[in-house]
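Novice: got a sequence here, can you model it:
(2 chains)
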Amino acid sequence: MNSSTPSCLLLIESDNVVATQITTLAELRCPVVRWANATEAGQWLRDHADVSLIVTDPHNAQPVTQLLMNNAGLQHVPVLITQSQQTADLAHALPRQKIADLLDFTEDPDSWQTKINYYLDLNTHLSAESYISPTPAYFQFRLPWWKRGIDIAVSLSALLVLSPLLLVVAVLIRLDSKGPILYKSARAGTNFRVFNMYKFRTMKAMADRLIKDLKYHNIYAKSSEQSNIEVNGQDYRCEQCQLLQISCRQPLVEENQTVCEKKYLTDSEGAAKFMKFRNDPRITRLGTFLRNSSIDELPQLLNILFGDMSLVGNRPLPLYEAEKLTTDASAQRFAGPAGLTGLWQVKKRAKGEGPVTDSERIALDIEYASTFSFKTDMYIIWQTLFSVWQKENV
Amino acid sequence: MNTKPRLLIVDGNPYIAGILVQNLKSDFNISVANTGPEAVRMLTQGNHYDCVLTELNLPFFSGLELTKFIRENRFLRNTAVMVLSGATDSDTRINSLNSGVDDFALKPFNPLEIRAKLHALLRRSASPAYETAFSQPVPARLLPDIKTFWQQKTRVLSLIRRSEPIKQSA
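Specialist: The predicted structure follows:
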């Protein structure tokens, strides 16, 4: 329906006073067609489809909604029910089916006039735009059958072939330091589904508790000294307020100081999204070897067999990292398979080009999620075989 | 427990909506709209929702306009409205809350926190659907229950051996 076509208000009202009031008001905006009951209105509607609003009294509400349900062209027309002195409170008594709103004549005239205008405006406004999105309303990723097939075949045979090695490693981990053999961490995978990912334990037990002390060794951190000075410095105002020589216009209150909101937001944007440490002191002697040889990742073959992960995909992230990526720009990375190895690992890390920035990594994840195919999967598996021994100690 | 509260998610980004659906579908009956007009259509067609979770920045009809529409409507005015938006400044938050929004969450978000916030909202708005579905107080959980691999495995082993079933830990 185009906004330029003259549309009309269909009025089905037995009360003459109410009908006159509505007609007087609405005729300034669009033609008003009035019928005494729903049957007559239904006959008229067969030849006229350009209705932008229907106003009806409570008695005709049921047949009018029936009419609309049987007429595909009128599905989107809002229906208002008039409530006058004689009718009781209708908000709870009426069946809600297909009825958009109540037009309350017990309230002052301004409010129901505004309401009629609002709905007339709304319909013009809404029908002017072709707003029905071609994309699905929401995206849920499902693993294609060929990928799941490869996953089951490869992980099952790999587990069988590698079982002697896995057994030896398990015994060694037990002997090397106290704690369990497998380490499981909650990860957000495909569609942000949370599951337990298995790894061989390479760190001392309770390593997760030590993570806060290590924040400053993070290789992804950007210029942390800078933000410290700003917070501890005397002038907490942003550049704009400093230039204008006025007091802060967006102060945020912290425990014992005030922070300018603008400054706070810029600083928090600079905070690192991933954590990785060079020469992490929590790693055991055997752990270093397991990590360099990527043997610690092998128990993830179990996750692949169970269907939590795939061979190739985006790394399932720990929850504290994953929740930082649920922004409009990067949420798409969860719309792909979660995997053991991926585009990020073979494109950047393998070449030893130093740490990859957050945004590059997210871009690679999104690229894989939107373009993966049998061919790229095979290529990535092939490349991974060469990069299993990591050049960087992370 | 089969009548879950109905939730309308309005977000222009299908991937964000996908993450929300994955994490909320166990607790809510979810409908999704990508634009403001779509949401208005769904609301005026007489569908009843207990809660609306909307982005502010929507094509054609913003989240604030949608909130105003809900608050003005005689049938919908008691619907709980929560905003999930990438707008980071407090002015937007204050403005939204003053315009009738019940709660405000920022992107990036933890889906489990959104779930908890929605439950908190619905506990307060006297929604009959919510009371039938969650009459027991919901225990605070940080993580969804994940069955551990070893538990599954021991259960399978016990089945194979036909020995006595293993007692589950409380």
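Novice: hmm, which helix or strand of the chain has the shakiest average pLDDT?
Specialist: You didn't say which chain, so I picked chain A. Lowest on mean pLDDT, DSSP states H and E among the helices and strands of chain A sits helix A:224-232, with a mean of 44.
Novice: run the chain-centre distance for the helix or strand following that helix.
Specialist: Downstream of helix A:224-232, the first helix or strand assigned by DSSP states H and E is helix A:239-244. Here the centre of mass of C-alpha atoms in helix A:239-244, compared against the chain's by C-alpha atoms, centre = their mean, to the nearest Å, lies 36 Å away.
Novice: may I have the secondary structure class of A:Ile116?
Specialist: Reducing the assignment to helix, strand or coil with DSSP: H, G, I helix; E, B strand; the rest coil, the entry for A:Ile116 is helix.
Novice: so who does it touch?
Specialist: A:9, A:22, A:25-26, A:53, A:55, A:80, A:103 (C-beta atoms under 8 Å, 6 or more residues apart in numbering or on different chains). (C-beta placed from N, C-alpha, C; glycine too.)
Novice: and for A:Gln300?
Specialist: By C-beta under 8 Å, 6+ apart, the residues touching A:Gln300 are A:197-199, A:309, A:340.
Novice: I'd guessed A:Val77 sits against A:Ser52; true?
Specialist: Yes - A:Val77 sits in contact with A:Ser52 when judged by C-beta atoms under 8 Å, with a separation of 6.8 Å.
Novice: outside of the one helix or strand A:Lys199 maps to, which residues touch it?
Specialist: With elements delineated by DSSP H and E, A:Lys199 resides in strand A:194-200, which encompasses its position. Strand A:194-200 is contacted by residues A:169-170, A:173, A:181-189, A:290, A:295-300, A:302-303, A:308-309, A:316, A:319, B:143-144, B:146, B:148-149 when judged by C-beta under 8 Å, 6+ apart.
Novice: all strands of chain B, in order?
Specialist: B:6-10, B:29-33, B:51-54, B:80-85, B:103-106 (DSSP state E).
Novice: in JSON lines, list the ones you listed along with distance to chain A.
Specialist: Formatted as JSON lines, these follow (distance: least, C-beta to the nearest C-beta, whole Å):
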{"stretch": "strand B:6-10", "distance to chain A": "7"}
{"stretch": "strand B:29-33", "distance to chain A": "4"}
{"stretch": "strand B:51-54", "distance to chain A": "12"}
{"stretch": "strand B:80-85", "distance to chain A": "9"}
{"stretch": "strand B:103-106", "distance to chain A": "10"}
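Novice: make CSV from the ones you listed and add mean pLDDT and mean neighbour count to it.
Specialist: Formatted as CSV, the entries for the strands of chain B read as follows, by pLDDT from 0 to 100; neighbours: other C-beta atoms under 10 Å in any protein chain shown:
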stretch, mean pLDDT, mean neighbour count
strand B:6-10, 94, 25
strand B:29-33, 92, 20
strand B:51-54, 95, 26
strand B:80-85, 94, 24
strand B:103-106, 92, 17
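Novice: about what we covered before: considering the contacts of A:Gln300, which possesses the most neighbours?
Specialist: Tallying neighbours with other C-beta atoms under 10 Å in any protein chain shown puts A:Met309 at the head of those, with 28 neighbours.
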